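>>> need a structure here:
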Amino acid sequence: MHASASHGAIEASSLLQLIWLASPALPVGGFSYSEGLEAAVEWAGVKDEATAADWLADQLHLALARGDLSVVASAIEAWSGGDMARVQALNAWVLATRESAEFQLQTEQMGRSFLEWLKLHHDDAAAAFDALPATYPVAFAFAAARSGASVRDGCLAYAFGWAENMTAAAVKAVPLGQSAGQRMLARLAREMPAAVDAAMQLDDDRRQAFSPMLAVLSARHEAQYSRLFRS
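Numbering: from 1, shown residues only. Here you go, the predicted structure:
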């Protein structure tokens with residue numbers, strides 16, 4: 001279980017670092033993945049703003065919060081405390097729980113790209129990831145820990161970056177208008193604090209990666225005809 005974080009004002013430098021980390025302009029390729037959403041449009045009844053919003057909200061609470069967000073919280077603490085054994089264990093858990101080839105590709109490719117970006121801004125990044133095949137959540141946690149922000153704020157930044165990429169994917173794949181995308185993003189933003197708080201309460205025995213429908217759709221997407229996204 002993670003220590004509760006202060007809800008006071010965040011330092012400007014830390015806030016700017018988190019905004020940067022959450023930006024879809026960060027060159028890690030998040031825009032190229034739909035995480036099964038494109039397949040859900042064809043096979044799982046995602047057809048308009050309401051169904052897309054419900055899908056992403058469910059994914060936030062049932063998949064992201066129970067898995068990767070909990071990893072980010074634990075990894076920020078591990079990086080801050082210099083606990084490399086813990087970092088390696090969390091990284092291995094992420095690799096072991098990707099349920100499709102696409103999900104495996106996503107976390108490894110985004111992790112590698114994020115590490116290359118980290119090397120430009122943190123002198124110790126290369127040494128920190130020596131012999132560690134960086135996954136995206138663990139690499140993100142490294143940068144969040146170096147920002148000086150709280151664990152909770154780091155997790156909120158991770159969740160918002162995910163939400164921006166996913167709403168953009170929905171706008172393209174359903175398809176939807178930009179206003180619909182903004183309404184969906186607003187809903188996800190309202191629900192993020194509760195999702196992050198739940199994630200921060202999970203210990204290793206309660207963290208999970210069990211989203212069967214998401215895994216099946218990701219696997220089907222690998223052979224989907226005329227697709228826009230890599231996953």
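>>> For S23, grab phi and psi.
Phi and psi for S23, reported as degrees, to the nearest 10, are phi -70, psi 130.
>>> list the contacts for the closest residue to it other than its chain neighbours?
In this structure, S23 finds its nearest non-sequential neighbour in G161, 7.2 Å apart by CB to CB, 6 or more residues apart in numbering. Backbone N, C-alpha and C define where each C-beta goes, glycine included. The contact partners of G161, by CB atoms under 8 Å, 6 or more residues apart in numbering, come to L21, A22, S23, P24, L26, G30.
>>> Which residues are in contact with the spatially most central residue of the chain?
Most central in the chain under CA atoms, centre = their mean is W162, positioned 4.9 Å from the mean C-alpha point. Taking CB under 8 Å, 6+ apart, we find W162 in contact with G30, L60, L64.
>>> what do you get if the cut-off is 7 Å, keeping everything else the same?
For W162, the contact set (CB atoms under 7 Å, 6 or more residues apart in numbering) comprises L64.
>>> Now for A40, how many residues are close by?
Around A40 there are 27 other residues, counting by other CB atoms under 10 Å.
>>> Which pLDDT does the model give it?
If you check A40, the pLDDT there is 96.
>>> Wait, it touches T51, no?
No. Assessed by CB atoms under 7 Å, A40 is found out of contact with T51, at 8.7 Å.
>>> Next up, the contacts around E42.
With CB under 7 Å, 6+ apart, E42 has these contacts: Q224.
>>> Toward the C-terminus, what is the element adjacent to the strand or helix carrying it?
Per DSSP states H and E, E42 falls inside helix 37-43. Next in sequence after helix 37-43, counting helices and strands by DSSP H and E, comes helix 49-59.
>>> Can you name every helix or strand that that following helix contacts?
Using 3 or more CB pairs under 7 Å, 6 or more residues apart in numbering; DSSP states H and E, the elements in contact with helix 49-59 are helix 151-173, helix 178-200.
>>> switch the cut-off to 8 Å
Helix 49-59 sits against helix 37-43, helix 151-173, helix 178-200, with contacts defined as 3 or more CB pairs under 8 Å, 6 or more residues apart in numbering; DSSP states H and E.
>>> quick one, which of these is nearest to V71?
helix 178-200 (8.7 Å; CB to CB).
>>> So which bits of that closest one are buried?
Under the neighbour-count criterion of 16 or more other CB atoms under 10 Å, helix 178-200 has 180-181, 184-185, 187-188, 191-192, 195-197, 199-200 buried.
>>> Residues contacting it, please?
1-2, 4-5, 49, 52-53, 56-57, 60-61, 64-66, 69-70, 72-73, 151-152, 155-156, 159-160, 163-164, 166-168, 170-171, 176.
>>> Ok, stretch 221-230 next?
For stretch 221-230, the external contacting residues (CB under 8 Å, 6+ apart) are 32-34, 36-39, 42, 100-102, 105-106, 169, 172-173, 231.
>>> Now, of the residues you listed, which are buried?
Those of the contacts of stretch 221-230 that meet the buried threshold are 33-34, 36-39, 42, 100, 102, 106, 169, 172-173, 231, by 16+ other CB under 10 Å.
>>> coming back round to it: tell me the spacing between the residue nearest to S23 and D54.
Separation of G161 from D54 (CB to CB, to the nearest Å) stands at 21 Å.
>>> again with V94
Between V94 and D54 the computed distance is 26 Å (CB to CB).
>>> where does this structure dip in pLDDT?
The chain contains residues with pLDDT under 70 at 1-8, 230-231.
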